[in-house]
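Visitor: compute the structure for the input listed below.
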Amino acid sequence: MEKVTVGLIPAPEMPEILARRIVDSLPEIFSHLIEGNTEWNVQIVVDSLPGAAEDVQEIIKEAALLKEQHDWNYAICLTDLPIYSDKHLVLADANPETGVAQISLPAFGAYPMKNRVKQAIIQMVSELYYGNFLDHPVKMAQKGIGPLSQSKQRSLHQILLKSLRFSSIRRIEAPKEMKNISVRFIVTPLLNSRFRVLLGMTYANRPWTILPSFKSVVAIAFGTGAYGLIFTTLWKLSVSYNIYRFLGLNVVAVISMVLWIILSHNLWETPRGTNSPRMRKIYNNTTILTLTVAVVIYYAVLFVLFLIAVSVFVPPSLFGEATGLKGEVTLLHFLRLAWLVTSVATLAGAIGAGMENGDRVRNVTYGYRQQQRYANIKNAQENQDQS
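Guide: Residues are numbered from 1 along each chain as shown. This is a model prediction of the structure:
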């Protein structure tokens, strides 16, 4: 029985997490969908370069090197950086001649991503194993591989299309200047690909991991809001405000927090941060969306805390008397009060608080992560030279 080893080379963080979640299930899937008379083995080697290099040829070259070092049959890189071919977003590249491929995770969009990545890996392995098996049956015969059943052909042909249900995927020949790849998968249309890559990069940033850095902000904000609840001014405002004022104050509070984080930690990519204006624009938009998601989660947590505090410590009778309500005090009144206090407290936290973990906050920017990964690569090379 033939033995085939596939090496997965994910960048650190999200690509590595996804690779480790699916690695155990891949050999059985390869055996079922690609070739049953083969003993499949899948290995993972985490490498910083796929998450630092914007040039796909540099990524492919690193994959080929690792493939040779580990004596793999095939190597597939997983990067969390977007890759473009002219104006088109690239989902994956492959070269059956060298047995190397790469997959760009931001092209998949937001969650759920695990199954989509798994399906794309299956597609890439089939490309590397069979070549273009749908168009070149002669190559299969030359390799001693029997013809695929129609059901298996349909399964393999639809794998990648099903993984991106809201986009069209086109399989094209790689540009002539791309010497290390022969086939490329791109996402169309352009507008959809731009929206998808923004969501995909935001998901790769894992905005929920920034929340531990908000501890000092939560402490200041909650303290400010709790102190404000002692006075009846906020009580009266919560009764007199209409829904548009609540929404307006909410939006201002979130925007203020996002701007404060960007300015205080220098998260905005400048022309010196990257040589590509398009990538710099994508990085900055992703930073804004990532921080907005993180702050909205923070806002929701703070709202729940204030709702509990208001429900426990504000007597309904005293609230009604202080605000001049004629009817009965209901939960809706407490929801409005908690909403108002949360917005005011968030504004106070945005103005007066600093982050406890600046590195974690800066890690939401791709430029910063690239610098860190390049530093790791440089240190590893220096250590190798010394040894």
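Visitor: buried set for stretch 213-231?
Guide: 213-214, 217-218, 220-222, 224-226, 228-229 (16 or more other C-beta atoms under 10 Å). In this view, the C-beta of every residue, glycine as well, is placed from N, C-alpha and C.
Visitor: ok, of those residues, which one's closest to residue 266?
Guide: Lowest distance from residue 266 to the buried residues of stretch 213-231 (C-beta to C-beta) belongs to residue 213, with 15.3 Å.
Visitor: separation between the closest one and residue 369?
Guide: 16 Å (C-beta to C-beta, to the nearest Å).
Visitor: right, and residue 53 touches residue 59 too?
Guide: Yes - Residue 53 is within contact range of residue 59, at 5.4 Å (criterion: C-beta atoms under 8 Å).
Visitor: what do those two both touch?
Guide: residue 79 (C-beta atoms under 8 Å, 6 or more residues apart in numbering).
Visitor: more neighbours: which of those two?
Guide: Ranked by neighbour count (other C-beta atoms under 10 Å), residue 53 and residue 59 place residue 59 first, with 29 against 23.
Visitor: check which helix or strand that one maps to.
Guide: Using DSSP states H and E, residue 59 sits in helix 56-70.
Visitor: what's the answer for residue 169, then?
Guide: Here residue 169 is assigned to strand 168-173, by DSSP H and E.
Visitor: got the CA positions of that strand in CSV?
Guide: C-alpha atoms of strand 168-173 as CSV (Å, rounded to 0.1, in the frame of the first residue of the first chain):
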residue,chain,number,x,y,z
SER,A,168,-18.2,32.1,-7.0
ILE,A,169,-14.8,30.3,-7.2
ARG,A,170,-12.9,30.3,-10.4
ARG,A,171,-10.0,27.9,-11.2
ILE,A,172,-7.5,29.7,-13.4
GLU,A,173,-4.0,29.2,-14.6
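Visitor: buried sites along the helix or strand harbouring residue 378?
Guide: If you go by DSSP H and E, residue 378 is part of helix 366-386. Buried residues in helix 366-386, counted by 16+ other C-beta under 10 Å: 366-370, 372-373, 376-377.
Visitor: ok so, going back, can you tell me which of the buried residues of stretch 213-231 lies closest to residue 22?
Guide: Nearest to residue 22, judged by C-beta to C-beta, of those is residue 213 at 29.3 Å.
Visitor: if we can go back for a sec, which element follows the helix holding residue 59 toward the C-terminus?
Guide: According to DSSP H and E, the helix or strand after helix 56-70 is strand 74-79.
Visitor: can you list the buried residues in that next one?
Guide: 74-79.
Visitor: can you tell me the strand partners of that strand and which way each runs?
Guide: Using DSSP bridges, strand 74-79 pairs in its sheet with strand 2-10 (parallel), strand 100-104 (parallel).
Visitor: what about residue 281? Give its phi and psi, please.
Guide: In this entry, residue 281 is assigned phi and psi values of phi -70, psi -40 (degrees, to the nearest 10).
Visitor: in this protein, which helix or strand is least confident?
Guide: helix 137-142 (a mean of 40; mean pLDDT, DSSP states H and E).
Visitor: geometrically speaking, which residue is the centre of this structure?
Guide: residue 204 (1.7 Å; C-alpha atoms, centre = their mean).
Visitor: now do the helix or strand harbouring that residue against strand 74-79: the angle between them, please.
Guide: In the assignment (DSSP H and E), residue 204 maps to helix 190-205. Orientation check (axes from the mean of the first three to the mean of the last three C-alpha atoms, to 10 degrees): helix 190-205 against strand 74-79 gives 90 degrees.
Visitor: just to revisit the earlier point, distance from the chain centre to the helix holding residue 59, please.
Guide: 24 Å (C-alpha atoms, centre = their mean, to the nearest Å).
Visitor: okay, buried residues for it please.
Guide: 56, 59-64, 66-67.
Visitor: and stretch 292-305, by the same measure?
Guide: 292-295, 298-299, 302-303, 305.
Visitor: ok, of these, which one's closest to residue 130?
Guide: Closest to residue 130, out of all of those and judged by C-beta to C-beta, is residue 293, at 40.6 Å.
Visitor: give the next helix or strand downstream of the one helix or strand that closest one maps to.
Guide: According to DSSP H and E, residue 293 maps onto helix 277-313. Downstream of helix 277-313, the next assigned helix or strand under DSSP H and E is helix 316-323.
Visitor: for the helix holding residue 293, packing partners?
Guide: On a contact count with 3 or more C-beta pairs under 8 Å, 6 or more residues apart in numbering; DSSP states H and E, helix 277-313 meets helix 190-205, helix 215-229, helix 243-264, helix 331-352, helix 366-386.
Visitor: next, the angle helix 190-205 makes with that helix.
Guide: Going by the same axes, to 10 degrees, helix 277-313 makes 60 degrees with helix 190-205.
Visitor: could you give the mean pLDDT of helix 277-313?
Guide: Helix 277-313 carries an average pLDDT of 90.
Visitor: where's the dip in pLDDT among the buried residues of helix 56-70?
Guide: Among these, residue 56 has the lowest pLDDT, at 85.
Visitor: wait, isn't that residue in contact with residue 94?
Guide: No - Residue 56 is beyond contact range of residue 94, at 11.3 Å (criterion: C-beta under 8 Å).
Visitor: now for those two: what residues contact both?
Guide: 102, 181.
Visitor: re the thing from before, just the strands paired with strand 74-79: most buried one?
Guide: strand 100-104 (a mean of 28; mean count of other C-beta atoms under 10 Å).
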